[in-house]
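*Asks:* Got a sequence here, can you build the structure:
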Amino acid sequence: MTPPNLPTPSADRAAPAQDDTPRLGWRDTLRVYLEPASLRMLALGFSAGLPLLLVLGTLSFRLREAGIDRATIGYLSWVGLAYAFKWCWAPLVDRLPIPLLTRAMGRRRSWLLLSQLCIAGGLVGMAFADPRHTLGPVVWCALLVAVASATQDIALDAFRIESADSRHQGVLAATYQTGYRLAMIWAGAGVLWIAARAEAPTAVVQAVGQVLPGVAYQNAAWQTAYLVMAASLLVGVLTVLFSREPARTELPPARNAAEWLRGALLEPFADFLRRHRWQAVLILALIGTYRISDVVMGIMANPFYVDMGYTKDEVAAVTKVYGVVMTLVGAFLGGALTLRWGVGRVLMLGAVLSALTNLLFAWLAGHGHDVTALIAVVSADNLASGIASAAFIAYLSGLTNVQYSATQYALFSSMMLLAPKWLAGFSGVAVDAVGYPTFFAGTALLGVPVLALVWLALRKNK
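*Replies:* Numbers count the residues shown, from 1 in each chain. Presented below is the predicted three-dimensional model:
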């Protein structure tokens, strides 16, 4: 039996049944990507994707080059848990107005602007901090960026969900991912390229060309790179200023503080449980583990590149350009396939590919320093990631009720990161204990239970 679309939309934003949905041709499908809502999401996706690597992936490269040990780098990845706990303050973003700003700009845009300004401030602080002297300022500024970035995600997810119907969520997810990945090119390859160009020519390297951690590190070069990244937030700021606030869903006015708190904090979660009943456990289990293999592996990717002797330029060119371009291809392909095949099939495809491509890193760890092999491995991994991400975002979007879109989507995306980010904190210890090949193979095995959960979810939605 052919499984239908996996999301179960709320009654307020019900999707047409699969049999009644007209199938678009490829030309009409691709034309949707040029609609104004899609283009806005492209720019806002750039704003959302910029901070992530700067507090996780690129930061781990910077810290490893500064001589920070792998175990510490792994533990510092827990800064990313801010994304996993954003559901705690999502009800405030959903309901609480910002004095003066909300009246002038609207509920979603005001929170977007405030969070973007805080991200820029945190990046400036990270620029002037030197991890060789003390990690404290780096950690606190990174935490500010992570919290502000998570807040931006809350408001942006609600903005996206409220900007289109259920059927177009896959397309908006794909354009969001495109902007997100373009930002990751800039926050990954761009940072490394800028830092490499800003280095003084007296940097000391080993005769074999492998950077000795802590020796060749130049904080002034990284300072320049992070200041440029802070200025890049203008893309998001300008987009917010020139965008329109989506149509607001009016909620019944609260008669007192207790009723307001109940509506803001409890009702979004109660609504989800009422609509899905016991299947909510299955849905939350799937959400909580779908990206676990990629997240756990990803923390050690940049330390792996440093330890394998890849230079900044090599990492920038391969992992942050070739890889991200393949992610864009995967995101567009995933968005188009969800329109034609439904979310369920593409969700399963993404889960399979995400687990299998981690095995390629295990092979690369034993293969040695080889730029051609790195291109092949990173390209395959990012293609799989793009497909999986587009399908997963569409799935999460279809689960929300637009009355509580910010809070419910924050809950789902937080669940997606909570267990993986916590487990990823021990990734440095795991690599020290078993080595890179075994570690990467183990992250692939983490994806096996995900396949069973997707299969169960498909069966429950037949």
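*Asks:* Pull the number of nearby residues for Leu339.
*Replies:* 22 (other Cβ atoms under 10 Å). C-beta: built from backbone N, CA, C; applies to glycine.
*Asks:* Show the pLDDT at it.
*Replies:* On pLDDT, Leu339 comes in at 77.
*Asks:* cool, and the one 3 residues further on?
*Replies:* Gly342 is assigned a predicted lDDT (pLDDT) of 79.
*Asks:* Also Tyr305?
*Replies:* In this model, Tyr305 carries a pLDDT of 89.
*Asks:* wait, isn't it in contact with Ala316?
*Replies:* No: with contact defined as Cβ atoms under 8 Å, Tyr305 does not reach Ala316; the gap is 10.3 Å.
*Asks:* mind showing which ranges of the stretch 251-400 of the chain have poor pLDDT?
*Replies:* Under the criterion pLDDT under 70, the flagged ranges of the stretch 251-400 of the chain are 251-261, 263-265, 320.
*Asks:* can you do 90?
*Replies:* 251-348, 350-351, 354-355, 365-371, 378, 381-382, 385-400 (pLDDT under 90).
*Asks:* And the helices in it, which stretches?
*Replies:* 257-261, 267-276, 279-289, 292-298, 301-307, 312-317, 323-341, 343-367, 371-399 (DSSP state H, counting those that start in this stretch).
*Asks:* Just name whatever secondary elements the third one is in contact with.
*Replies:* If contacts are counted by 3 or more Cβ pairs under 8 Å, 6 or more residues apart in numbering; DSSP states H and E, helix 279-289 sits against helix 267-276, helix 405-424, helix 448-460.
*Asks:* by how many degrees do that helix and helix 405-424 diverge?
*Replies:* 50 degrees (axes from the mean of the first three to the mean of the last three Cα atoms, to 10 degrees).
*Asks:* Tell me which residues of helix 279-289 come out buried.
*Replies:* For helix 279-289, the neighbour count (16 or more other Cβ atoms under 10 Å) marks Ile283, Leu284, Ala285, Leu286, Ile287, Gly288, Thr289 as buried.
*Asks:* Now render the residues you listed as a markdown table, adding distance to Ile68.
*Replies:* Converted to a markdown table, the buried residues of helix 279-289 look like this (distance: Cβ to Cβ, whole Å):
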| residue | distance to Ile68 |
| --- | --- |
| Ile283 | 38 |
| Leu284 | 35 |
| Ala285 | 35 |
| Leu286 | 35 |
| Ile287 | 32 |
| Gly288 | 29 |
| Thr289 | 29 |
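*Asks:* nearest to Leu328, of the residues you listed?
*Replies:* Using Cβ to Cβ, Ile287 comes nearest to Leu328 of these, at 24.1 Å.
*Asks:* Find the nearest non-adjacent residue to the closest one, please.
*Replies:* Leaving aside its chain neighbours, Ile287 sits nearest to Met415 (4.6 Å; criterion: Cβ to Cβ, 6 or more residues apart in numbering).
*Asks:* Now do the contacts for that neighbour.
*Replies:* By Cβ atoms under 8 Å, 6 or more residues apart in numbering, the contact list for Met415 reads Ala84, Trp87, Leu284, Ile287, Gly288.
*Asks:* and if you look at Gln218?
*Replies:* Ala195, Ala198, Glu199, Ala200, Ala203.
*Asks:* for Pro97, same thing?
*Replies:* Arg103, Arg107, Ser110.
*Asks:* same thing but at 10 Å, please
*Replies:* Arg103, Gly106, Arg107, Ser110, Trp111 (Cβ atoms under 10 Å, 6 or more residues apart in numbering).
*Asks:* thinking again about what came up before, nearest to Val448, of the helices of the stretch 251-400 of the chain?
*Replies:* helix 343-367 (6.6 Å).
*Asks:* for the closest one, which positions count as buried?
*Replies:* Buried residues in helix 343-367 (16+ other Cβ under 10 Å): 343-355, 357-362, 364-365.
*Asks:* Which neighbouring elements make contact with that helix?
*Replies:* Here helix 343-367 touches helix 169-185, helix 279-289, helix 292-298, helix 301-307, helix 323-341, helix 371-399, helix 436-445, helix 448-460, going by 3 or more Cβ pairs under 10 Å, 6 or more residues apart in numbering; DSSP states H and E.
*Asks:* looking at those helices, which is buried most?
*Replies:* helix 169-185 (a mean of 27; mean count of other Cβ atoms under 10 Å).
*Asks:* what about the host helix or strand of Ala221, average pLDDT?
*Replies:* Applying DSSP states H and E as the criterion places Ala221 in helix 219-231. What helix 219-231 shows for mean pLDDT is 91.
*Asks:* ok, then the element right after that helix?
*Replies:* Of the helices and strands lying after helix 219-231 in sequence (DSSP H and E), the nearest is helix 234-242.
*Asks:* Over that following helix, what's the mean pLDDT, rounded is fine.
*Replies:* Mean predicted lDDT for helix 234-242 stands at 90.
*Asks:* if we can go back for a sec, give the ChimeraX command for selecting the buried subset of the contacts of Pro97.
*Replies:* This is the ChimeraX syntax for the buried subset of the contacts of Pro97, where burial follows 16+ other Cβ under 10 Å:
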select :106,107,110,111
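*Asks:* now, which of the contacts of Pro97 lie within helices?
*Replies:* Secondary structure from DSSP state H places Arg103, Arg107, Ser110, Trp111 of the contacts of Pro97 in helices.
*Asks:* Least confident of those?
*Replies:* Lowest-confidence member of those: Arg107, scoring 82 (pLDDT).
*Asks:* Quick one: residues contacting that one.
*Replies:* 93-98, 155, 158-159, 162, 245-246, 248, 406.
*Asks:* wait, isn't Ala158 in contact with Asn401?
*Replies:* No: contact between Ala158 and Asn401 fails when scored by Cβ atoms under 10 Å: they sit 11.5 Å apart.
*Asks:* So for those two, which sits in the more crowded spot?
*Replies:* Ala158 (28 against 21).
*Asks:* Okay, angle between the helix or strand hosting that one and helix 219-231 too, please.
*Replies:* Element membership for Ala158 (DSSP H and E) is helix 136-161. Relative orientation of helix 136-161 and helix 219-231, computed by the same axes, to 10 degrees: 20 degrees.
*Asks:* by how many degrees do helix 136-161 and helix 169-185 diverge?
*Replies:* 150 degrees.
*Asks:* Buried residues, stretch 80-95. List them.
*Replies:* Buried, per 16+ other Cβ under 10 Å, within stretch 80-95: 80-87, 89-95.
*Asks:* Show me the residues you listed that map onto helices.
*Replies:* Checking these against DSSP H, those in helices are Leu81, Ala82, Tyr83, Ala84, Ala90, Pro91, Leu92, Val93, Asp94, Arg95.
*Asks:* List the contacts of the closest residue in space to Leu101 that isn't next to it in sequence.
*Replies:* The shortest distance from Leu101 to any non-neighbouring residue, by Cβ to Cβ, 6+ apart, is to Ser110 (4.1 Å). By Cβ under 10 Å, 6+ apart, the contact set of Ser110 is Val93, Pro97, Ile98, Pro99, Leu100, Leu101, Thr102, Arg103, Ala104, Ala155, Val240, Glu245.
*Asks:* got those residues as JSON lines, with distance to Val171 columns?
*Replies:* Below are these laid out as JSON lines (distance: Cβ to Cβ, whole Å):
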{"residue": "Val93", "distance to Val171": "24"}
{"residue": "Pro97", "distance to Val171": "31"}
{"residue": "Ile98", "distance to Val171": "30"}
{"residue": "Pro99", "distance to Val171": "36"}
{"residue": "Leu100", "distance to Val171": "35"}
{"residue": "Leu101", "distance to Val171": "30"}
{"residue": "Thr102", "distance to Val171": "29"}
{"residue": "Arg103", "distance to Val171": "32"}
{"residue": "Ala104", "distance to Val171": "30"}
{"residue": "Ala155", "distance to Val171": "20"}
{"residue": "Val240", "distance to Val171": "21"}
{"residue": "Glu245", "distance to Val171": "21"}
